Every structure is written in C-alpha cells, then in structure tokens.
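Novice: Output the structure for:
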Amino acid sequence: MQHSLFDRIYLAFLLILIVSFMFLIVFISFFTRRSLIEEKQKTLSNEATLIASQAVSNYASGTVNARELASSFKYYADILDSDIWYVDELGNVIATSDYYRAGQHPVKSSNNDSTIAIIKEVPLSIYDLDPTYDIHSNFYQTGKFYGMYNSNLISVNVPISFTRYSANYKPISTLPSGALIVHTTTGDINSTLRNIYSISFIPCLIIIIIAFTFLQIISHKIIRPIRKLAEIAVDYSQGDFDAKTGISTSDEIGQLADSMEYMASELSKLEEYRHEFISNISHDFRSPLTSIRGYVTAMLDGTIPPEKQSRYLGIVLDETNRLTKLTQGLLDLNRLEIYGPYLNLTEFDFIDIVRTTLNTFEIKCIDKNVAIYLNNHAEATVVTADKTKIQQVFYNLIDNAIKFTPPEKKIYITINEKDEKLLVTIKDEGIGMSEDTQKKIWTRFYKDDSSRGKDKAGTGLGLAITKEIIKAHNETITVSSTEGEGSEFVFTLTKAKQDATHSGETEILIDPKNSYNK
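Specialist: Numbering: from 1, shown residues only. As a prediction, the model looks like this:
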C-alpha cells in the first residue's frame with residue numbers, strides 16, 4: 001500500500017506526539033512519586049517522633065507494659081492508616097499495632113482489624129528479617145518489607161532515644177532506645193498520581209486535537225500545491241508545455257512553480273531551436289556547395305572560358321575555406337562541450353593580446369570608419385590563462401562588436417580589477433539586442449538576421465565557442481544590451497602575482513581619422 005506524503009507527515013507527527021507525551025508522563029510520574037514518597041517519609045518521621053515521645057517513653061519508664069503499648073500503637077495506626085513497630089536497642093520487636101511481646105513470643109492483640117494485612121508472624125527480632133538492618137539510621141524503603149505484607153508499603157525507620165536526668169532535672173546522658181518502624185500504604189500517593197493523570201489527560205487531549213487540526217490545515221496548504229505540481233510535471237513530460245500550475249504564492253512552493261513554468265516555456269522552444277539549427281546549418285553548408293558546384297560545372301561545360309577560370313577557382317577556394325572553417329568550428333565546439341578544452345595555462349600581459357588582435361581589425365575599422373578606445377584602470381594586467389584561447393575569445397567579441405556597429409561609431413575596451421580578477425568590458429554603440437536575443441546568442445548557429453543585419457560570412461559559432469572557453473577557465477561572461485544603444489560584454493580573468501605594468505590611461509588604439517597610427 002502506497003502512502004502519500006501527507007500520510008507520512010501525519011503518522012510521523014502522531015508518533016512524535018505519542019512518544020513525547022509518554023516521555024512526559026514517565027518523567028512526571030517518576031519525579032512526582034519520588035517527591036510524594038519523600039514528603040510522606042518526612043511526615044511519618046515527625047509522627048514517629050511524636051509517638052515515641054508519648055507512647056514509647058511511657059513504656060521505657062515502666063508506666064505501661066507491652067500490651068498497653070500495642071494498644072497505643074493501634075490508636076495511632078488507625079489515625080495514620082499504618083502499622084507501627086517498636087524495636088528496642090537490641091533489635092527485639094517489642095510491640096506492633098496488632099502484636100505485643102509477652103515473654104519470648106509475640107501475642108496477637110485483640111484489636112486485629114488493621115487495614116494493612118500482615119501475612120507472616122511478627123519475628124522476635126528485626127535481625128531475623130535482615131541481619132544487616134540498621135535501626136540507628138533514619139531511612140525509608142518501599143516494598144512488602146521482607147515479605148511481611150501482601151502489598152507494597154512505605155516503611156520508615158526512625159531511631160529514638162531518651163535522655164536521663166538528674167534529681168534537679170539536668171540531662172545526664174542520652175541513651176538509645178531502639179527505633180520505631182512505621183509502615184503505611186501508598187494508596188494516597190497512587191490516588192494523587194491518578195488525579196494528576198486525569199487532570200493532565202484532558203489538556204493533553206485538547207493539545208493533540210488542536211495540533212492535528214493545524215497539521216491538517218498546514219499539510220493541505222503544502223500537499224495540495226505539491227500534488228498540483230506533480231500533475232503539471234506529468235503534463236510537461238507528455239509535451240503539454242502550455243499547462244499552468246495556478247500557484248501564485250511568494251514562498252518556496254511559489255518559486256518552484258515559477259521555475260517549472262519557466263522551464264516549460266524554454267522546453268516549448270526546443271522544437272523551434274531544433275528547426276532553426278537544422279535550417280541554419282543546412283543553409284550554411286548548402287550555399288558554398290551550390291557556389292562550388294555551379295562554378296565547377298560552368299568551367300567543365302565551357303560556360304567559363306579558360307582565361308577566366310583562375311578567378312572563379314579563387315572563389316571556389318574561398319568557399320572551400322569557408323566550409324572548412326564551418327566544419328572545424330563545429331568540431332571544436334562539440335569537443336569543448338563534451339570534454340572541455342585543453343588549457344595551456346601561462347602568465348601573459350593581456351594588453352599585448354589587445355594590441356595584437358586589434359592590428360588584424362585596423363583595415364576593417366578604417367574602411368567602416370569605426371574607432372576603438374582602450375580605458376585601462378588596472379594597475380596590473382598580467383593574467384594566468386591559456387593565451388591562445390583567450391585571444392580567440394577577445395577576437396570573437398571584437399569581431400562581433402565591429403560587425404554590428406554602424407559607421408562613425410565607437411567601441412570601448414575597458415579594463416578594471418576587482419580583488420584577484422581582471423574585468424574586461426567590450427562596449428559598442430551598435431544596434432543593440434532584445435532580451436530574447438540576449439538569451440539565444442550563446443546558442444550555436446544563432447544569427448539574429450532580422451535585427452542585427454545579414455552576416456553571410458559568419459558561422460554563428462563564435463559566441464558559443466567563446467562561452468565554452470570562458471567556462472573552461474572557471475571564469476564568467478555576461479552581456480547587457482539595449483536596442484538602439486549598443487551592447488556590452490564583460491568577462492573575467494584571474495590575475496597573476498605581478499607588479500603594476502600599465503598606468504590607467506585612455507588610449508585610442510584605432511582611429512580612422514589617423515590611419516595606421518598604431
């Protein structure tokens with residue numbers, strides 16, 4: 001039988017409550033019973049002292065005999081609901097509430113209607129019951145007192161002594177005169193405990209009812225949304241990504257619901273991404289192949305005369321190089337995503353990469369009338385990374401910035417440092433990107449031709465490769481953009497332990513108005 005989450009919570013909570021209350025009851029019972037017994041022992045000790053001063057002292061002085069002493073004990077025993085024994089200093093049992101000693105044998109008293117049932121004959125000496133019994137100590141014990149009674153009792157031993165006085169009533173000495181042993185039932189203690197249990201039971205029952213009522217309410221507030229999320233997850237697994245959770249709370253359940261709906265939204269776009277991927281890769285492969293086939297066919301059938309074939313063979317070679325570049329890019333990206341790149345980590349000055357890479361773009365920037373500025377605010381620009389891979393990252397980002405920056409605009413390269421990181425920012429004054437486009441630019445073959453212009457030569461793999469390289473270095477790369485205002489890419493590099501290498505000056509690395517000045 002399968003139990004729901006609510007059932008498990010309910011049973012666990014019930015078990016916790018039961019165990020807690022059982023522990024509480026045992027704890028209260030133990031300490032309450034001990035406290036009541038100790039209080040009973042103190043009361044009996046006081047009563048025994050009083051009895052000794054009144055009844056036993058008369059026996060010690062010879063005023064009363066053992067039978068009369070037993071009668072006095074019977075009077076006190078009825079009041080205290082107990083059985084009283086007097087043991088002299090030699091351990092001999094002189095008298096009890098129901099027995100007294102005549103000669104060498106205990107004799108049954110005529111008052112034999114005690115509520116405490118003794119089931120054995122009273123011994124001549126207390127040492128007959130226990131040779132180690134200490135009549136000179138004030139103590140108590142619980143039980144049937146060596147099997148003398150048919151039920152559990154509290155037996156309190158109270159040593160007694162009498163003081164001898166001189167003729168002028170001055171105390172001469174204190175002589176031990178034995179002990180009083182008072183046996184009493186635990187009925188009043190048990191009754192008190194039962195009253196405590198009955199008083200505690202109703203509040204505990206009310207607490208349990210209230211607790212389970214709140215548990216029911218809280219569990220339904222949690223379990224119902226979880227069940228709804230489970231149903232929606234099944235819908236998503238069956239391809240129904242339009243299903244909504246209907247949960248709008250701001251707690252963790254609401255956050256989970258929002259995440260699931262966002263996941264469904266992204267999953268619903270997978271088919272669109274797949275069609276775009278196939279369309280893009282088919283277009284990028286078909287175009288150069290069509291050109292190659294057309295030119296080769298034209299040369300073979302004589303449409304292109306031999307004197308012009310060298311020009312068109314150059315076009316065929318360019319298209320072949322384009323196919324090679326596209327294929328290599330796919331292989332590189334696939335290897336990066338599966339295995340990660342092999343990194344040859346070295347220490348190098350990032351400024352050197354900036355200058356070397358920008359040299360390759362100088363003619364393109366001059367032709368397009370785009371200026372590039374460098375703002376270096378870092379004291380040291382030496383980093384630890386794979387120089388070739390980082391140069392590829394910087395090349396891809398600069399190439400992307402130039403590609404989508406209109407003429408007579410600027411590109412800014414800003415270098416800052418934060419803790420142990422170098423922050424490299426590449427900002428253009430281009431046409432910018434929408435939020436949806438910013439999420440897709442890291443996807444292979446993605447080219448937003450509708451908003452960013454046609455790029456016939458690009459493969460759509462540059463930014464995807466860039467992200468994988470940065471990821472392999474355990475660094476980060478982010479993009480922020482506003483349509484019509486430009487885009488900004490920021491990536492981090494780990495600084496090497498070097499002294500300052502450059503001052504924080506602004507340089508114009510490429511200026512179309514002053515060609516080849518760098």
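Novice: Go through the chain and flag its longest helix.
Specialist: In the chain, taking DSSP state H as the definition, the longest helix is helix 187-237.
Novice: Without its sequence neighbours, what residue ends up closest to Phe491?
Specialist: Nearest non-adjacent residue to Phe491, counting by CB to CB, 6 or more residues apart in numbering: Ile477, 4.0 Å away. Every residue, glycine included, has its C-beta placed from N, CA and C.
Novice: And for Glu488, the neighbour number?
Specialist: Other residues lying near Glu488 total 18 when counted by other CB atoms under 10 Å.
Novice: distance of it from Gly430?
Specialist: Per CB to CB, to the nearest Å, Glu488 is found 10 Å from Gly430.
Novice: now the longest helix of the chain: how far from the chain's centre is it?
Specialist: In terms of CA atoms, centre = their mean, to the nearest Å, the centre of helix 187-237 is set 24 Å apart from its chain centre.
Novice: Could you list every helix and strand that it packs against?
Specialist: helix 5-51, helix 252-268 (3 or more CB pairs under 8 Å, 6 or more residues apart in numbering; DSSP states H and E).
Novice: now those helices as a markdown table including distance to Val383?
Specialist: Listed next are the helices and strands packed on helix 187-237 as a markdown table, based on distance: least, CB to CB, whole Å:
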| stretch | distance to Val383 |
| --- | --- |
| helix 5-51 | 51 |
| helix 252-268 | 34 |
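Novice: These: which one's closest to His473?
Specialist: Closest approach to His473 among the helices and strands packed on helix 187-237 (CB to CB): helix 252-268, 26.3 Å.
Novice: how much does that closest one deviate in direction from helix 187-237?
Specialist: Orientation note: helix 252-268 sits at an angle of 20 degrees relative to helix 187-237 (axes from the mean of the first three to the mean of the last three CA atoms, to 10 degrees).
Novice: If we go by neighbour counts, what in helix 252-268 is buried?
Specialist: Going by neighbour count (16 or more other CB atoms under 10 Å), the buried part of helix 252-268 is Ile253, Ala257, Met260, Glu261, Ala264.
Novice: Pretty sure Val64 sits in a helix.
Specialist: No. Using DSSP: H, G, I helix; E, B strand; the rest coil, the assignment for Val64 is coil, not a helix.
Novice: what sits against it?
Specialist: Ala55, Asn58, Ser72 (CB atoms under 8 Å, 6 or more residues apart in numbering).
Novice: what's the answer for Ser291, then?
Specialist: Contacts of Ser291 by CB under 8 Å, 6+ apart are Ile315, Val316, Glu319.
Novice: likewise Leu331?
Specialist: Contacts of Leu331 (CB under 8 Å, 6+ apart): none.
Novice: where's it, which helix or strand?
Specialist: helix 309-338 (DSSP states H and E).
Novice: Show me what counts as buried in the helix or strand just after that helix.
Specialist: Using DSSP H and E, the helix or strand that follows helix 309-338 in sequence is strand 345-349. Across strand 345-349, burial judged by 16+ other CB under 10 Å covers Phe348, Asp349.
Novice: mind listing what strand 345-349 pairs with, with the direction of each?
Specialist: Paired neighbours of strand 345-349 in the sheet (DSSP bridges): strand 382-386 (antiparallel).
Novice: now the angle from the helix or strand following the partner strand to strand 345-349?
Specialist: Following strand 382-386 in sequence order, the next helix or strand is helix 387-403 (DSSP H and E). Interaxial angle, helix 387-403 versus strand 345-349 (the same axes, to 10 degrees): 50 degrees.
Novice: Pull out the buried residues from the following helix or strand past helix 387-403.
Specialist: Note on helix 387-403: by DSSP H and E, the next helix or strand toward the C-terminus is strand 410-418. Of all the residues in strand 410-418, those buried under the rule 16+ other CB under 10 Å are Ile411, Tyr412, Ile413, Thr414, Ile415, Glu417.
Novice: Quick one, grab the pLDDT at the fifth one.
Specialist: Which is Ile415. pLDDT for Ile415: 92.
Novice: cool, and the second one?
Specialist: Each residue has a pLDDT score; the one for Tyr412 is 93.
Novice: Please report the distance of it from Gln309.
Specialist: Taking CB to CB, one finds Tyr412 at 47 Å from Gln309.
Novice: Kindly report the same for the last one.
Specialist: Relative to Gln309, Glu417 is positioned 57 Å away (CB to CB).
Novice: Downstream of the lowest-mean-pLDDT helix or strand in the chain, the next helix or strand is which one?
Specialist: Least confident helix or strand, the chain: helix 449-452 with a mean of 43, by mean pLDDT, DSSP states H and E. Sequence-wise, the next helix or strand downstream of helix 449-452 (DSSP H and E) is helix 462-472.
Novice: can you give me the mean pLDDT across that next one?
Specialist: 83.
Novice: Show me what it is packed up against.
Specialist: So helix 462-472, by 3+ CB pairs under 8 Å, 6+ apart, packs with helix 309-338, helix 387-403, strand 477-482.
Novice: Which of the ones you listed comes out lowest on mean pLDDT?
Specialist: Among the helices and strands packed on helix 462-472, helix 309-338 scores lowest, at a mean of 73.
Novice: one step back: averaged pLDDT, the longest helix of the chain. What do you get?
Specialist: Helix 187-237 shows a mean pLDDT of 78.
Novice: That helix vs helix 5-51, what angle?
Specialist: 170 degrees.
Novice: count of residues packed around Asn474?
Specialist: Count around Asn474 with other CB under 10 Å applied: 8.
Novice: what's the answer for the one 5 residues further on, then?
Specialist: The burial metric for Val479, expressed as a neighbour count using other CB under 10 Å, is 19.
Novice: before we move on, what about His473?
Specialist: So His473, with other CB under 10 Å, has 22 neighbours.
Novice: That one: what's it in contact with?
Specialist: Going by CB under 8 Å, 6+ apart, the list of residues near His473 reads Leu343, Ala385, Asp386, Lys389, Ile390, Leu493, Thr494.
Novice: Repeat that for Met299.
Specialist: Contacts for Met299 were tallied using CB under 8 Å, 6+ apart; they are Gln309, Tyr312, Leu313.
Novice: sorry, back to before: any chance of the buried residues of strand 410-418 in a markdown table with distance to Ser20 as columns?
Specialist: Formatted as a markdown table, those follow (distance: CB to CB, whole Å):
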| residue | distance to Ser20 |
| --- | --- |
| Ile411 | 70 |
| Tyr412 | 67 |
| Ile413 | 67 |
| Thr414 | 63 |
| Ile415 | 63 |
| Glu417 | 58 |
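Novice: Let me know the closest of those to Ile223.
Specialist: Glu417 (51.4 Å).
Novice: The closest one pairs with what?
Specialist: Leu422.
Novice: how near is it to Lys495?
Specialist: For Glu417 relative to Lys495 (CB to CB), the value is 7 Å.
Novice: what is in contact with those two at once?
Specialist: By CB under 8 Å, 6+ apart, the residues touching both Glu417 and Lys495 are Ala380.
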